[in-house]
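1. When you get a sec, could you give me coordinates for this:
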Amino acid sequence: MKNISVTVPMIKVWSSVLAKISLWTRLSSPNEVSGIGLVKKVGSVFEVYAVFLLKQKVTSADSDLDEQEVMKLMADLNKKDIPTEDLRFWWHSHGTTGTFWSGQDNSTINSMSYLPWFISLVVNSLGSYKLRIDAWDPFKINCDNLDYVIHPDIPIEDTERYTEEYKLKVKEDFFADDYLQYYGYGGTWKQRAAAAKQFKPKTAAGFAKPPTTSHPTKPVDQVWPPNEDSDMIDEFTIDEDSDMSDVLPVLIDTTNLPVPLDGIHNKTEFSLFDRLPEKLQEYLSETVLAYSDDPERAVYALLNGYIVATIRILQEAEVIKFETATTMLRFMENELQRLEGKDICNETKENTGVNMTSLTTTNSKSSESPSSESEV
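-> Here you go, the predicted model:
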């Protein structure tokens, strides 16, 4: 048996950084939003002392940072003698959905492997977060589910300033041909550029109309019938012993997976799977195959993607209230955390994700201590 001893790193985050991320996350919800930040390492302590919001297009499934804006930021930092090698922090939100690392998130993080280490944060508008640090030198290791220590600095009093900054830099981007936007979970600095070109703008109402395919979607009132005594589902309670099949009996039918996986004994399929758009079926199938070595996680990934889309559609159609949708999504997040376990440090497997935009660190000047908020 191999024994690995790791000292869990301490991560300090300036209070102004947390305030900005929280504000921008709330403003963007239920869409995602992302940004980058500066980190100074002193011994075994990593201090996140500044964060930036760049121009981007966002949906409920991803956020697309403008590559040119990243380059402009680096040039601006150089002019102010702020070391660009401190750009080792990536944050993004998952709107109202769970905080976890999607395959796209992992690809983005692994694209930073030319750096000795990199810190990532995912948050949502419900107040949940996941914090991790990845290191690649002298070997690859990942420490996840970390806590942070708040470093008090000058509080943000002028929230209107950062609200206006959000309005100037963040634009909502909609797809129309299918519901693929609900399933990405996590943007990258340069993602889905090619795929996005094939989609048309959404309707003014904010949600895409169901696509015309050989697998038409079922009307909302047939997908999830409201309470017999009411036009709205006003209450949603979950017992401690509940599972997904108790919560969503209409959507789940215990038969067979649409994509067969070896090793799964308790197979699950959605009775409405064949009515989904073809592109969504392909996405869910690929998701299951991506977790072929982890059957339980595969089933959950399929279940999670399908239900999140359904909740979104039902909420927009006013079949369920916002509070009800929020409760459902929070329950799903808890289920995901239960499946993932509570291991703090885990040696990660190699991920062959696509290389995304990298942060070059040339022509930068070193600094002994973090720059203040006013300097940045």
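
2. contacts, neighbours, all on C-alpha from now
-> Noted.

3. What mean pLDDT does stretch 147-159 get?
-> Across stretch 147-159, the average pLDDT comes to 76.

4. Kindly check the end-to-end length of it for me.
-> End-to-end distance for stretch 147-159: 26 Å, by CA to CA, to the nearest Å.

5. How about Ser34, nearest residue that isn't a chain neighbour?
-> Distances taken as CA to CA, 6 or more residues apart in numbering put His92 closest to Ser34, at 3.9 Å, once the chain neighbours are dropped.

6. helix or strand for the one you found, which one?
-> Here His92 sits within strand 87-93, counting by DSSP states H and E.

7. Which strands and helices lie in contact with that strand?
-> For strand 87-93, the packing partners by 3 or more CA pairs under 8 Å, 6 or more residues apart in numbering; DSSP states H and E come out as strand 34-42, strand 117-123.

8. for Val17, helix, strand, or coil?
-> Here Val17 is recorded as helix under DSSP: H, G, I helix; E, B strand; the rest coil.

9. That one against Glu47, yeah?
-> No. Contact criterion CA atoms under 8 Å: Val17 and Glu47 do not qualify, at 10.8 Å.

10. Show me what stretch 114-121 is in contact with.
-> 88-92, 109, 112, 129-137 (CA atoms under 8 Å, 6 or more residues apart in numbering).

11. Can you tell me which of these is nearest Val123?
-> Closest approach to Val123 among the contacts of stretch 114-121 (CA to CA): Tyr129, at 4.2 Å.

12. For that closest one, name its beta-bridge partners.
-> On the basis of DSSP bridges, Tyr129 is bridged to Val123.

13. Was I right to think it contacts Trp101?
-> No. Judged on CA under 8 Å, Tyr129 makes no contact with Trp101 at a distance of 10.7 Å.

14. can you list residues touching both of those two?
-> Here Tyr129 and Trp101 share the contacting residues Val122, scored by CA under 8 Å, 6+ apart.

15. Other residues contacting stretch 18-25?
-> For stretch 18-25, contacts defined as CA under 8 Å, 6+ apart pick out 32-33, 51, 93, 95, 123-125, 156, 162-163, 166.

16. at 7 Å instead, please
-> 33, 93, 124-125, 166 (CA atoms under 7 Å, 6 or more residues apart in numbering).

17. how about the helices of the stretch 51-200 of the chain, start to end?
-> Ranges of helices within the stretch 51-200 of the chain are 67-79, 103-110, 159-169, 193-196, based on DSSP state H, counting those that start in this stretch.

18. Relative to Leu146, which of the ones you listed is closest?
-> helix 103-110 (16.0 Å).

19. which stretches of the stretch 151-300 of the chain aren't confidently modelled?
-> Within the stretch 151-300 of the chain, the segments meeting pLDDT under 70 span 153-158, 173-300.

20. how's this protein carved up into domains?
-> 10-173, 210-340 (automatic domain parsing).

21. for Thr327, phi and psi?
-> Dihedral angles of Thr327 (phi, psi; degrees, to the nearest 10) stand at phi -60, psi -40.

22. quick one: buried residues of stretch 64-75?
-> Neighbour-count burial for stretch 64-75, counted by 16 or more other CA atoms under 10 Å, picks out 64-67, 70, 74-75.

23. Let me see the mean pLDDT of stretch 10-28.
-> Taken as a whole, stretch 10-28 has an average pLDDT of 92.

24. List the buried residues of that stretch.
-> For stretch 10-28, the neighbour count (16+ other CA under 10 Å) marks 11-18, 20-22, 24-28 as buried.

25. about what we covered before: can the helices and strands packed on strand 87-93 go into TSV with extra columns for distance to Val170 and mean neighbour count?
-> Below are those laid out as TSV (distance: least, CA to CA, whole Å; neighbours: other CA atoms under 10 Å):
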stretch	distance to Val170	mean neighbour count
strand 34-42	10	21
strand 117-123	17	22
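
26. would you turn those strands into a markdown table with distance to Phe322?
-> As requested, the helices and strands packed on strand 87-93 are arranged in a markdown table below (distance: least, CA to CA, whole Å):
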| stretch | distance to Phe322 |
| --- | --- |
| strand 34-42 | 23 |
| strand 117-123 | 19 |
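
27. ok, back up a step: okay but the residue nearest to Ser34 is in contact with Asn31, surely?
-> No. Taking contacts as CA atoms under 7 Å, His92 lies outside contact range of Asn31: 10.6 Å.

28. where does Val8 land in three-state SS?
-> What three-state DSSP gives for Val8 is coil.

29. Buried deepest among the helices of the stretch 51-200 of the chain, which one?
-> Across the helices of the stretch 51-200 of the chain, averaging neighbours per residue (mean count of other CA atoms under 10 Å) puts helix 103-110 on top, at a mean of 20.
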